[in-house]
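Participant: After the sequence you'll find the predicted model.
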Amino acid sequence: MTTKEKMDDTTKKERAREKYGWVVFLFVGLLWVVYGLTQVFNPDNLTDSQHITNLSLSELDVKSPEATKLVYFLYGALGILKTSWSLLLLAITLTGYRRGEKWAWYTLWLAPVTLVGQGIFNSFFHGDFNEMLPWIPITTVSLLGLFLPYRKFFPR
């Protein structure tokens with residue numbers, strides 16, 4: 001294999017890593033849009049409120065209908081927040097990140113930082129380290145999306 005062929009092969013590999021970097025964030029963004037919209041339109045999984053109050057949602061509704069309405073309101077508001085955050089993530093991914101602009105790479109560090117923060121908050125709030133475990137896979141995927149195209153943003 002000649003030096004030129006080796007360079008072409010290396011360039012193809014770098015291009016593949018660059019391609020997969022933004023596709024990873026596209027996947028993460030779309031996943032969170034679906035999750036946020038599900039939380040807005042189908043708020044059936046309210047385990048946090050059950051964990052906090054030690055009451056099922058139907059028991060809470062009997063004791064305090066206003067508290068139940070507040071739980072649904074907050075859950076829906078968080079779903080809207082997750083959806084809008086995800087749309088912002090997608091916009092950055094499809095514009096600056098895909099083109100290799102450094103500001104986008106630095107900005108997308110908000111994704112793993114937010115996810116780690118959410119895991120830590122859940123762990124301390126619930127008093128159980130296991131509450132952090134569900135956040136590890138999506139955080140790992142978002143870090144992969146940052147590090148795969150690293151050379152595109154910071155060439156040697």
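Facilitator: Perfect, thanks for sending it. Quantities reported herein were computed from a predicted structural model and do not represent experimental measurements.
Participant: from here on, contacts and neighbour counts on C-alpha atoms
Facilitator: Noted.
Participant: got the contact list for the helix or strand of the chain with the lowest mean pLDDT?
Facilitator: Every helix and strand in the chain was compared by mean pLDDT, DSSP states H and E; the lowest is helix 47-53, with a mean of 73. With Cα atoms under 8 Å, 6 or more residues apart in numbering as the test, helix 47-53 has contacts from S56, L57, V71, H126.
Participant: Give the buried residues for it.
Facilitator: S49 (16 or more other Cα atoms under 10 Å).
Participant: and the next element down the chain from that helix?
Facilitator: Next in sequence after helix 47-53, counting helices and strands by DSSP states H and E, comes helix 57-63.
Participant: Can you show me the CA trace of that following helix as CSV?
Facilitator: As requested, the backbone C-alpha atoms of helix 57-63 are provided in CSV (Å, rounded to 0.1, in the frame of the first residue of the first chain):
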residue,chain,number,x,y,z
LEU,A,57,-51.5,9.1,42.3
SER,A,58,-55.1,8.0,42.9
GLU,A,59,-54.5,8.2,46.7
LEU,A,60,-53.0,11.7,46.3
ASP,A,61,-56.0,12.7,44.2
VAL,A,62,-58.4,11.7,47.0
LYS,A,63,-56.4,13.5,49.7
